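> quick one, fold the following:
(2 chains, ligands or ions: 2)
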Number of protein chains: 2
Amino acid sequence: MTYTIPVELTTTPKAKPSHHKQAFGTVFTDHMFILDYDAGKGWHDPRVVPYQPIELDPAAKVFHYGQTVFEGLKAYLTEDQRILMFRPGKNIQRLNLSNHRLSIPALDEELVMEALKQLVLVDRDWIPSEPGTSLYIRPFVIATEPVLGVAPSLQYKFMIILSVVGSYYAEGINPVSIYVEPKYVRAVAGGVGNAKTAGNYAAGLKAQDEATLKGYSQVLWLDGVHRKYIEEVGSMNVFFKLGDTVVTPALNGSILDGVTRNSVIQLLQHWNIPVEERALSIDEIVEAHRSGLLTEAFGTGTAAVISPIGSLEWEDEQLVIGEGATGELSRRVYDAITGIQLGTAEDPFGWAIELTLS
Amino acid sequence: MTYTIPVELTTTPKAKPSHHKQAFGTVFTDHMFILDYDAGKGWHDPRVVPYQPIELDPAAKVFHYGQTVFEGLKAYLTEDQRILMFRPGKNIQRLNLSNHRLSIPALDEELVMEALKQLVLVDRDWIPSEPGTSLYIRPFVIATEPVLGVAPSLQYKFMIILSVVGSYYAEGINPVSIYVEPKYVRAVAGGVGNAKTAGNYAAGLKAQDEATLKGYSQVLWLDGVHRKYIEEVGSMNVFFKLGDTVVTPALNGSILDGVTRNSVIQLLQHWNIPVEERALSIDEIVEAHRSGLLTEAFGTGTAAVISPIGSLEWEDEQLVIGEGATGELSRRVYDAITGIQLGTAEDPFGWAIELTLS
Ligand SMILES: Cc1ncc(COP(=O)(O)O)c(C=O)c1O
Ligand SMILES: Cc1ncc(COP(=O)(O)O)c(C=O)c1O
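Ligands and ions are numbered 1, 2, ... in the order given. Coordinates of the predicted model:
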């Protein structure tokens, strides 16, 4: 099946940023993609239009009942000027899993892929080329029906916007200090923690605020039932190297099935490094730290790829990991994934998708 | 302190609905209230303007990270043409509690009260007068800063919109059948369940959908930790009459501190009916049903005031309560509260606030 997506080009292109160190998610490109949904009609009218404000009724359901989902992925410019996306199919699948959980009608995955490609190609001159930079792609769905009843919306907009991303690690990878959150809970099994929906992020703001005030850069979430099993770090999945084995929390229903997490697991297996997905308690981490078994820890996510953890604060104890420096494995994983993303390293799994219109 | 709120009247007033049986939250009045927030400047520029769409950047944080809170209360027209609001101060206080939990800057409570009054007076001709009808008032805050970073917004809009509400019980109070939800969880202690924020409602859509398909009108939520303690019914608090005592789940951090719940507790105490706020398991309810101790159950909330529960479905067992009819106590509470709201009954606590500009 082929799709024709009409493109309306802007007549007032914006100036592109001259350097690429701006804060994440503040500079947007010249165009955006829109697709509408109306009950009875389905998803209709895909189009690329100039980046512009959207008009919504103040009663639109997204403002009141948070019926919305999103995704986040990146496009990279290679040295030979090809455009690569990293496993976009995974994000598109996850978008529909999130839609399902939030009672939002499924999107046609081929159309979404075509829309991603079309939009990025229209704005291809915006993709930065400095090392570590990329074009961040944000697909999202919002419920637009202007009705104040708690029920799934009969109208939606699916949109894609693009943002220029400066280098996350302009000064090299820096391990971060993490606060293990004893009070607030992000999500619980049976809830929506495994969907990429707005409410999960709103629920984390207060804990992040308080951790920032205490001088930590992120929060490590514990599960909401036992308050002891490790879930995620901020908006990243998390891995611990315990002896020769790497352990990450299993997909238990309350954490996100991260694309980076999945990629790290596959790489480790490919390298014959034992990796376990299982329940992992903070007590086990404290114990492993005491015994010297815990040598590395890192978060994984699209934004930073790998974020090494230099220390964990738990019950007034500071656990310094790997002397607070970036570990060997963290570095190896980082290099492998960014190498695939930029087309400079072996890509054994075919994760880099070159952007050409079908 | 007095506030001057500029009013821009519409030049194109809409036709008012001729009867008042329309679905909840579908018909809006001619005007709305807006107040802006910018970091460094604080909340500024309160104004009443014609009801109209709002323009937002597609990167506005509310679409992505759900940083938003809302309230819901009602205004009523008395037989002698006075306008009454029911305990608006409670809603305004709760709005700021929600703001605090969601890292949204506090609103000036006096200004909000003045805004409520001003807006309702401007649209006073929209308040329906048929029995059981009212004007639903929806104050809400949305994060508008166009930045894709998970951090509190530096810009917000606080708005109030008004919707004409038809009679909930045009055919008399009807007990509803409720599905006790075994799989999905709405909220957990440490999360945002006690704040009135969008994500809590998004999290409940799927369970409600499935219950509707099974033929139930609402879901009864159990706690996310033990999966056995009763939390809420749909978007209502819940009460059970067990022998001579009325029991309602305690405010445990994951349920909303409902204004109607609080009012029912005070009324019961005023009537010398024993009322307990405590943990209440579904097993205790099943047991009380078996022994004949459970004689009434009802939900409480602004929309329906009192919604009697005719039956509960739990583990393939159907618990019929009070022969499926509206109980005496449910009726007494309903009459007392609606009487106060309409100015026809004794108001021992001074809950009805007459709307006059200060
Ligand atoms: C809550 C949460 N966990 C984990 C991740 C990591 O997922 P991914 O590797 O797909 O970016 C994200 C998104 O970036 C997230 O929002
Ligand atoms: C989740 C939830 N619980 C309970 C209630 C009842 O609260 P109130 O009596 O203040 O309307 C509401 C709101 O109406 C609600 O949204």
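> name all residues that make contact with the nearest residue to A:A325 once chain neighbours are set aside.
Spatially, and ignoring its direct neighbours in sequence, A:A325 is nearest to A:P175 (6.6 Å; C-beta to C-beta, 6 or more residues apart in numbering or on different chains). The way it works is simple: take the backbone N, C-alpha and C, and place the C-beta from them, glycine included. Applying C-beta atoms under 8 Å, 6 or more residues apart in numbering or on different chains to A:P175 gives the contacts A:P308, A:I309, A:G310, A:S311, A:I321, A:G322, A:G324, A:A325, A:T326.
> check whether the helix or strand harbouring A:V219 contacts chain B.
Element membership of A:V219 [criterion: DSSP states H and E] is strand A:218-222. No - judged by C-beta under 8 Å from any C-beta of the partner chain, strand A:218-222 and chain B are separated, with a smallest distance of 9.2 Å.
> so does that strand get close to ligand 1?
No - Strand A:218-222 does not reach ligand 1 (C-beta under 6 Å from any ligand atom); its nearest approach is 8.9 Å.
> each with direction, which strands does that strand pair with?
Applying DSSP bridges to the sheet, strand A:218-222 is found paired with strand A:176-180 (parallel), strand A:230-233 (antiparallel).
> helix, strand, or coil at the residue nearest to A:G199 when sequence neighbours are not counted?
Of all residues not flanking A:G199 in the chain, B:G199 sits nearest, at 1.8 Å (C-beta to C-beta, 6+ apart). Following DSSP: H, G, I helix; E, B strand; the rest coil, we place B:G199 in the helix state.
> list the contacts for B:G199?
Taking C-beta under 8 Å, 6+ apart, one finds A:G66, A:V192, A:T197, A:A198, A:G199, A:N200, A:A202, A:A203, B:G66, B:V192 in contact with B:G199.
> kindly report the same for A:S217.
When contacts are counted by C-beta under 8 Å, 6+ apart, A:S217 touches A:V176, A:S177, A:I178, A:A211.
> try it again at 6 Å.
A:V176 (C-beta atoms under 6 Å, 6 or more residues apart in numbering or on different chains).
> likewise for A:A250?
So A:A250 contacts A:E277, A:R278 (C-beta under 6 Å, 6+ apart).
> residue boundaries of the helices in chain A?
Assigned by DSSP state H, chain A shows helices spanning A:61-65, A:88-101, A:109-122, A:198-202, A:205-213, A:259-270, A:282-291, A:328-341.
> can you list the residues that contact the second one?
It stands for helix A:88-101. In contact with helix A:88-101 (C-beta under 6 Å, 6+ apart) are residues A:69, A:71, A:73, A:106, A:109, A:112, A:116, A:192, A:195-197, A:259, A:353.
> can you check the fifth one too?
With C-beta under 6 Å, 6+ apart as the test, helix A:205-213 has contacts from A:Y179, A:E181, A:Y184, A:V219, B:S103, B:P152.
> what about 8 Å?
Helix A:205-213 has contacts (C-beta under 8 Å, 6+ apart) with A:179, A:181, A:183-184, A:186, A:217-219, A:221, A:234, B:65, B:67, B:101-103, B:150-152.
> against ligand 1, how distant is the residue nearest to A:A325?
18 Å (C-beta to the nearest ligand atom, to the nearest Å).
> next: A:P128.
19 Å.
> what's the answer for A:Y334, then?
13 Å.
> beta-bridge partners for the nearest residue to that residue once chain neighbours are set aside, please?
Of all residues not flanking A:Y334 in the chain, A:I306 sits nearest, at 4.1 Å (C-beta to C-beta, 6+ apart). A:I306 forms beta bridges with A:T300, as assigned by DSSP bridges.
> could you chop chain A up by domain?
A:31-165, A:176-342 (automatic domain parsing).
> tell me the most buried of the strands paired with strand A:218-222?
When those are scored by mean count of other C-beta atoms under 10 Å in any protein chain shown, the highest mean neighbour count falls to strand A:230-233 (a mean of 25).
> sorry, back to before: quick one: the residue nearest to A:Y334 and A:N174 touch, right?
No - at 11.4 Å, A:I306 does not count as touching A:N174 under the criterion of C-beta atoms under 8 Å.
> looking at those two, which one has more neighbours?
Higher neighbour count among A:I306 and A:N174: A:I306, with 26 against 14, using other C-beta atoms under 10 Å in any protein chain shown.
> so how far is A:N237 from the more buried one?
In this view, A:I306 and A:N237 are 11 Å apart by C-beta to C-beta, to the nearest Å.
> likewise A:G149?
Remark: distance between A:G149 and A:N237 (C-beta to C-beta) = 36 Å.
> between the two, which has more neighbouring residues?
A:N237 (24 against 15).
> surely the more buried one and A:G258 touch.
Yes - A:N237 lies in contact with A:G258 (C-beta under 8 Å); the separation is 4.2 Å.
> what touches both of those two?
A:T300, A:G301.
> residues near A:D57, how many?
A:D57 sits with 18 neighbouring residues when counted by other C-beta under 10 Å.
> my guess is it contacts B:E55, does it?
No - assessed by C-beta under 8 Å, A:D57 is found out of contact with B:E55, at 11.5 Å.
> ok, now which ones touch A:E55?
B:P53, B:I54, B:E55.
> who's it bridged to?
A:E55 forms beta bridges with B:E55, as assigned by DSSP bridges.
> how near is it to ligand 1?
Taking C-beta to the nearest ligand atom as the measure, A:E55 falls 28 Å from ligand 1.
> could you do A:L97 as well?
On the measure of C-beta to the nearest ligand atom, A:L97 and ligand 1 end up 12 Å apart.
> relative to A:L256, how far out is that residue?
When A:L97 is compared with A:L256 (using C-beta to C-beta), they lie 10 Å apart.
> of those two, who's got more company?
Using other C-beta under 10 Å as the criterion, A:L97 and A:L256 rank with A:L256 on top: 21 against 15.
> these two touch, right, that one and A:T197?
No - checked against C-beta under 8 Å, the pair A:L256 and A:T197 is beyond contact range at 10.3 Å.
> what sits against the residue in the stretch 251-358 of chain A positioned nearest to ligand 2?
Residue nearest to ligand 2 within the stretch 251-358 of chain A: A:S254 (20.5 Å; C-beta to the nearest ligand atom). A:S254 makes contact with A:R186, A:A187, A:V188, A:A189, A:G191, A:G193, A:N194, A:D223, A:G224, A:E231 under the criterion C-beta under 8 Å, 6+ apart.
> one more pass at 7 Å, please.
Applying C-beta atoms under 7 Å, 6 or more residues apart in numbering or on different chains to A:S254 gives the contacts A:A187, A:V188, A:A189, A:G191, A:G193, A:N194, A:D223, A:E231.
> turn the residues you listed into CSV, including pLDDT and distance to ligand 1.
As requested, the contacts of A:S254 are exported to CSV (pLDDT from 0 to 100; distance: C-beta to the nearest ligand atom, whole Å):
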residue, pLDDT, distance to ligand 1
A:A187, 96, 8
A:V188, 96, 14
A:A189, 94, 15
A:G191, 97, 13
A:G193, 97, 8
A:N194, 97, 9
A:D223, 97, 14
A:E231, 98, 9
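> mind giving me the ChimeraX select for those residues, buried ones only?
Filtering the contacts of A:S254 down to the buried ones (16 or more other C-beta atoms under 10 Å in any protein chain shown) takes a single ChimeraX command:
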select /A:187,188,189,191,193,194,223,231
